[in-house]
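Colleague: Requesting a structural model of the entry that follows:
(chains A and B)
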Amino acid sequence: MKKIIYTILALPLLINISFAETDEEKGLKIAKQTYENSRGFVDSQSDQVMILIDPNGNEVVREIAGKTLENNDPNDGDKSITFFKKPKDVEGTIMLSHTHIIENDDQWIYLPALGRVKRISSSNKSGSFMGSEIAFEDFSGSDYRKYDWKYLGEEENDGEVLFKIESFPKYENSGYSKRIGLTDDQFRTRKIDFYDRKSELLKTIFFEDYNLYLDKIWFADTFRVVNHQNKNSTIFKWLNREFNIGLDKRDFEKSSLLKLAD
Amino acid sequence: MKKISSIFYFIILLIIFFFQLSKGYSLDYKFYGHVQPEISSFINGKGKHNQPNEKESVYFNINFISYIQDDLAKITINPIARYDHQDNNRTYIDLNRLKYEYFFDNVTFKIGNEIVFWGVNESFHVVDIINQSNITENLAGTKKLGQPMLALSLYEEIGDINLYIMPYFRERIFPGNKGRPRYAVEIDEDAVTYESSKKEKRIDLAIRYSKVIEDFDIGFSHFHGNARDPELNINQSTLKLNPYYPILTQTSMDIQATKKSWLYKLEALTAKIQSERHVRAAGGFEYTFYGIKDTSQDLGIVAEYLFDDRNSHPFNNEVALAIRWTKNDISSTALLAGANIDMRGNSNQFFCEYEKRLKDDIKLFVDLSMNGHIDSNDFTYAFKDDSNLTIKIAKYF
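Modeller: Numbers count the residues shown, from 1 in each chain, chains lettered A, B, ... in the order given. Okay, the predicted model is just below:
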C-alpha cells in the first residue's frame, strides 16, 4: 500500500521532470530548428558584394561569387567554391572548401599566376575574410552542431518577442568565447553579439533583408557587421541567389578548380 | 614563330572560329589584366659587364575568357609581355595560355598553350617539368612559357589521370648580354643543339596521377621528352655557351600532408639523362601562427631542404628559409623575407618582398634581393654584384 502511494506521489514529479527542459536543451532545440529551417536548398549559386567601411566613413567594395552543395550527412558539412572578383588583383583566384563540423575544413586555393592548386590550412578560423569584419568561422555560424547552447530567456524588441540564446564554440581556434543571439518565432536569427577570447564585446552581426526562397526557406540577404572595438563595419549582401540548379559533388573536387580556372 | 607551332595555332583558331560561326550568337566573355612598370636599382653600382646600375621595364598580362557551346567548352587567351629597353631577350610576348577546352562529364579535352604546375613546395620546385622557364624574369625559373599541348584529363573515383602530348618544345630564354643579372659567359642562342634528331619538333609525353586521401594530396608523374633544363657547354672557338637539350626520362612523386596549421611537403624524382641516372628531392614544412597577439595578422614559417646526388650540379645541397607576414588588412599588406643557403658554404642570398594595395586597382611591390658571401668558383658568382631593390606598381583593369 505504501509503495503505491509513493508511486502516485512520485508520478507528477516524473512528468514534471520530463517536461522541464533545461536551458541547455531549450537553447539547442531552438538552434537546431533554426538550422533545419535553412536546409533543403540542395545547392546554390550567388554573387556577393561586401562594403567595408572605416570609422571615417571611407568605403571599399569587394566582390565574390559562390557555389554551395548541401551535404545532409549528419556528421559532415557542406562543400563550397568561392570565386574572387574584386579587388581586381585577386581576380581569377578560386577557393574550394569541404567543411566539417568539429574537425578542420579541407581547403584548396587556385593561384592563377602559377597555375597552381595549393592545399591550405584552415586553422585560421578567427581571421578576417578579405579585410572585412567577417571572420571565416562566421560563414558556418548557423550550424548548431558546432556549438554548445543555452537559452537565456525572452527579449522584447520593437514589440516583437525574441528568443535569447547563448552559444559556445566546440571547435578549436575560435576567436570567440561566446555569442549571444536573438531568434524570432519563425526561427530566423536576427542578431548575434560576439565576445572575444577575453570575453569583451567584439562585434554584432545584424541579419537583415529576409526573403523566402523555394517557398520554404528564409535567408537573410544582408549581413550588417559592426565592430565595437575598432569601429569598422561591413555590409555583406547576397545577390542573384539561385537554388537547386543541379550541381553535383563532382563539381566540388580539387580537380574542379582547374576546370573552373580562367 | 616556327612552322609547326603556326599550324598548331591555326588549328585552334579554326576550331574556335568554326564553333562561333555555327552558333552565330553574341559572345559572353570576361576580360581583365594588369600593366606593371618596374624599376630596379643595383646597390653595387655598375655590373660586371658594365651594365648600368638601374633598369626599367614594363610587364603586361591580359586575360580573355569565354564559355561557348552551351558552356561545355571554354576559350582562354592569356598573353603576357614585357618591354625592357636594355635587354632584348627580356623584351618578349608569350602566349602563356591560348587554349580550347571541352568538358565531358568525367573527361576534359584541351588543345593549345597551357601553364601546368606540379608539386607542393614553396622554394624548390623539383617535379614541375611541363613548362619551360623564362630566366630573364627570375633566375629561380618560376616564370614559365606557355607549352603547346594536347591534354586529356580523366576524373575517376580512383583519382585523376592527366595525359599530355607536347608537339613543340620551347627553348629556355636566358638574359641577353646587356641583361642584369646575366651569366658570366655569353649564351649563344644560335648554337642550340639537341640529343633528339627531331629537335624542338620531338613529341614529348607526360602522364600524371593524383589523388586526395583525407589530409594527404598525392601525385605521381612520368615525363619523357626534351629536358627543360639545358646543359651549357663552352664552345672553344666562339668562347660562348652553347645550350644542349638532352632527352630526359623522369619519374616523380609529390606529397603534402595538411595537419591543422602544419603543411608537410616532399617532392622527389629519379631521372635518366643519356644513360646516367640521378635522384633529386626536396621537402620541408610550412607552419602558420594565425591571429598573432589577438590581431588579424598571421605569421608563417617555411623551411625546405634540397638534395641532388649529382655532385656536379650547382644546386645539390641547399636550404631555403622564409617567414611570411600577412596583415589581413584592407590593403592586403604582406611581407615575405628569407634566405637561400648553399649548405657547402659556397653562397647565400637574402630576399625580402613587400606588397600593399595602394588603391582599389593599384598595387605596390617592393623586392629586395641581396647576395651574401659567394665563392668565386660557385655558379652564382656571376650574380654577386647584382644585389638590387626593385619597385613595381601594378595597375589592374
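Colleague: When you work out contacts or count neighbours from here on, use the C-alpha atoms and nothing else.
Modeller: Noted.
Colleague: need the contact list for the spatially most central residue of chain B.
Modeller: Per Cα atoms, centre = their mean, the C-alpha nearest to the average position across chain B is that of residue B:142, at 2.8 Å. Neighbouring residues of residue B:142 by Cα atoms under 8 Å, 6 or more residues apart in numbering or on different chains: A:114, B:133-134.
Colleague: any idea which of those residues has the most stuff around it?
Modeller: residue B:133 (24 neighbours; other Cα atoms under 10 Å in any protein chain shown).
Colleague: Please name the nearest non-neighbouring residue to it.
Modeller: Closest residue to residue B:133 apart from its sequence neighbours, by Cα to Cα, 6 or more residues apart in numbering or on different chains: residue B:144 at 4.4 Å.
Colleague: Phi, psi for the one you found please.
Modeller: Per-residue torsions, residue B:144: phi -110, psi 170 (degrees, to the nearest 10).
Colleague: quick one: it and residue B:131 touch, right?
Modeller: Yes. If you go by Cα atoms under 8 Å, residue B:144 and residue B:131 touch, sitting 5.9 Å apart.
Colleague: and residue 65, backbone torsions?
Modeller: Using chain A. In terms of degrees, to the nearest 10, the main-chain angles of residue A:65 are phi -140, psi 150.
Colleague: hmm, I had chain B in mind actually
Modeller: According to degrees, to the nearest 10, residue B:65 has phi -130, psi 130.
Colleague: Chain neighbours aside, what residue packs nearest to residue A:65?
Modeller: Nearest residue to residue A:65, sequence neighbours excluded (Cα to Cα, 6+ apart): residue A:47, at 4.2 Å.
Colleague: sorry, that was for residue B:367
Modeller: The nearest residue in space to residue B:367 (Cα to Cα, 6+ apart) is residue B:353, at 4.4 Å.
Colleague: by contact count, what packs against the helix or strand containing that neighbour?
Modeller: Assigned by DSSP states H and E, residue B:353 falls within strand B:347-359. Where contact means 3 or more Cα pairs under 8 Å, 6 or more residues apart in numbering or on different chains; DSSP states H and E, strand B:347-359 is packed against strand B:334-342, strand B:362-374.
Colleague: Those: which one's closest to residue B:64?
Modeller: Residue B:64 lies closest, by Cα to Cα, to one member of these: strand B:362-374, at 20.3 Å.
Colleague: Parallel or antiparallel, list what pairs with the closest one.
Modeller: strand B:347-359 (antiparallel), strand B:388-396 (antiparallel) (DSSP bridges).
Colleague: So for residue B:201, which of those sits nearest?
Modeller: strand B:388-396 (36.9 Å).
Colleague: Can you give me the neighbour number for residue 122?
Modeller: Looking at chain A here, since you left the chain open. Residue A:122 is flanked by 21 other residues according to other Cα under 10 Å.
Colleague: wrong one, chain B
Modeller: 16.
Colleague: Show the contacting residues for it.
Modeller: residue B:302.
Colleague: got the buried residues for stretch B:54-72?
Modeller: Residues of stretch B:54-72 classed as buried by neighbour count (16 or more other Cα atoms under 10 Å in any protein chain shown): B:54-68.
Colleague: tell me which of these is nearest to chain A?
Modeller: Nearest to chain A among the buried residues of stretch B:54-72: residue B:65, at 6.3 Å, using Cα to the nearest Cα.
Colleague: Spit out the contact partners of the closest residue to the closest one other than its chain neighbours.
Modeller: Ranked by Cα to Cα, 6+ apart and with sequence neighbours excluded, the top spatial neighbour of residue B:65 is residue B:76, at 4.6 Å. Neighbour list for residue B:76: A:262, B:63-66, B:97-100 [criterion: Cα under 8 Å, 6+ apart].
Colleague: give me the element residue B:76 is part of.
Modeller: Going by DSSP H and E, residue B:76 is in strand B:73-84.
Colleague: Could you report the neighbour count for the closest residue to chain B within the stretch 101-250 of chain A?
Modeller: Chain B sits closest to residue A:131 of the stretch 101-250 of chain A, with a gap of 4.5 Å, by Cα to the nearest Cα. When neighbours are counted by other Cα under 10 Å, residue A:131 registers 18.
Colleague: in what helix or strand does it lie?
Modeller: Under the criterion DSSP H and E, no helix or strand holds residue A:131.
Colleague: hang on, isn't it packed against residue B:326?
Modeller: No. Residue A:131 is beyond contact range of residue B:326, at 11.0 Å (criterion: Cα under 8 Å).
Colleague: Those residues of the stretch 101-250 of chain A touching chain B, which are they?
Modeller: Residues of the stretch 101-250 of chain A lying near chain B by Cα under 8 Å from any Cα of the partner chain: A:104, A:106, A:114-116, A:118-124, A:126-128, A:130-132.
Colleague: repeat that for 6 Å
Modeller: Proximity of the stretch 101-250 of chain A to chain B (Cα under 6 Å from any Cα of the partner chain) is limited to residues A:115-116, A:121, A:123-124, A:127, A:131.
Colleague: In the chain, mark out all the helices, start to finish.
Modeller: Chain wasn't specified; assuming chain A. A:2-19, A:23-37, A:254-260 (DSSP state H).
Colleague: I was after chain B.
Modeller: Under DSSP H, chain B gives helices at B:3-23.
Colleague: residues near the one residue in the stretch 101-250 of chain B that gets nearest to chain A, how many?
Modeller: For the stretch 101-250 of chain B and chain A, the shortest gap (Cα to the nearest Cα) falls at residue B:117, measuring 5.4 Å. Using other Cα under 10 Å, residue B:117 is surrounded by 17 other residues.
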